[in-house]
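Participant: sharing a sequence plus its predicted fold:
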Amino acid sequence: MQDGKPTATIVAHTADEVPAKLLQEWVKLMSGAELPIANQPAAGGANLYVGKAALDAGLKVDDIKSPSGEGLRVKCDGKAVHIGGQCPNAIFRAVGRFLEEAFDCRYFDYTASGRIYP
């Protein structure tokens with residue numbers, strides 16, 4: 001955040017709205033900032049690409065060897081975060097993995113005490 005405004009944008013296509021909203025919700029829980037969700041990257045600021053938008057931005061998932069076709073990948077290159085998977089469930093899980101590994105978030109249930117975040 002800068003001057004009370006978010007400095008990052010979640011980039012996602014309509015088909016990936018659910019995992020994008022999950023990311024938006026947890027960022028708001030951690031920081032108070034509600035990142036906008038857009039279908040195009042924002043000029044200036046950071047972009048967090050989710051699902052097909054991440055693939056369009058160059059994330060590769062077809063090389064992941066997953067017998068179930070549910071491989072996922074999270075890539076941070078210093079300029080952007082790319083979160084994707086080989087199927088819709090994998091994309092949702094990739095968002096969770098990003099939140100767990102980057103911010104130590106945990107989700108146990110829907111209660112307030114079942115959500116752990118910094």
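Facilitator: Now that the structure is in, tell me what you want to look at. Predicted, not measured: the structure shown is a model, and the values here were computed from it.
Participant: could you check the pLDDT of Gly32?
Facilitator: Looking at Gly32, its pLDDT is 89.
Participant: number of nearby residues for it?
Facilitator: Neighbourhood size, Gly32 [other CB atoms under 10 Å]: 10. For the C-beta atoms, the positions are set from N, CA and C on the backbone; glycine is no exception.
Participant: check the gap between it and Ile64 for me.
Facilitator: Distance of Gly32 to Ile64, computed by CB to CB, to the nearest Å: 35 Å.
Participant: enumerate the positions of stretch 45-63 that are buried.
Facilitator: Neighbour counts over stretch 45-63 (16 or more other CB atoms under 10 Å) mark Ala46, Asn47, Leu48, Tyr49, Val50, Gly51, Lys52, Ala53, Ala54, Leu55, Leu59, Val61 as buried.
Participant: correction: stretch 65-80
Facilitator: For stretch 65-80, the neighbour count (16+ other CB under 10 Å) marks Glu70, Gly71, Leu72, Arg73, Val74, Lys75, Ala80 as buried.
Participant: hmm, the last one is touching Tyr49, no?
Facilitator: So that's Ala80. Yes - if you go by CB atoms under 8 Å, Ala80 and Tyr49 touch, sitting 6.3 Å apart.
Participant: identify the contacts common to these two.
Facilitator: Residues touching both Ala80 and Tyr49 (CB atoms under 8 Å, 6 or more residues apart in numbering): Pro41, Ala57.
Participant: sec struct for the residue nearest to Lys60 when sequence neighbours are not counted, please.
Facilitator: In this structure, Lys60 finds its nearest non-sequential neighbour in Arg73, 7.4 Å apart by CB to CB, 6 or more residues apart in numbering. Assigned by DSSP: H, G, I helix; E, B strand; the rest coil, the conformation of Arg73 is strand.
Participant: surely Arg73 meets Asp63?
Facilitator: No - the criterion here is CB under 8 Å, and Arg73 misses it with Asp63 at 9.1 Å.
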